[in-house]
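> Predicted model and sequence below, questions to follow.
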Amino acid sequence: MSTGEIGGRVAALEGHVPGYTGFVYALVAVWGLGDLLSTYVAVAAVGDAAMEANPWIRVLLETEPLLVLALKAAVVLYAGVVLLECRPVVECVPGWRLWFGGVVAAGWLVVVNNLAIGFAALV
């Protein structure tokens, strides 16, 4: 394989790797909207918030479910703004793409788990 061919493949790969803002938007979407909606689906299907792992969220779901929306929206908005403002610092850290990918993947696992609980309760 020639050097030019390797360079072409690396350039093609770079076009598929999300940029910094793409990672931030993915994190906000998965941990904000995905986690929120899947939590509501699971709680609605089960009929009880007892399966929620986070005790603070469990209390909010049992007392005032709309506060969960406000809390998660505020936290994700804050995290997204801070990450966008700290871009130069974060991009200097080795493995920042791996970290972002891991956090987004963990969020997807939480969403899939919540949906699995909800769908299992419906069956």
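Cool, got the structure.
> for the spatially closest residue to residue 30 that is not a sequence neighbour, what are its contacts?
Closest residue to residue 30 apart from its sequence neighbours, by CB to CB, 6 or more residues apart in numbering: residue 107 at 3.6 Å. Bear in mind the C-beta positions are built from the backbone N, C-alpha and C, glycine included. Residue 107 makes contacts with 27, 30-31, 34-35, as judged by CB atoms under 8 Å, 6 or more residues apart in numbering.
> Using the three-state scheme, assign residue 107.
State at residue 107, reduced to three classes by DSSP: H, G, I helix; E, B strand; the rest coil: helix.
> What separation is there between it and residue 47?
Separation of residue 107 from residue 47 (CB to CB, to the nearest Å) stands at 25 Å.
> Could you pull out the buried residues of stretch 96-107?
100-101, 104, 107 (16 or more other CB atoms under 10 Å).
> Same question for stretch 31-38.
31-32, 34-36, 38.
> and that stretch, how far from the chain's centre?
8 Å (CA atoms, centre = their mean, to the nearest Å).
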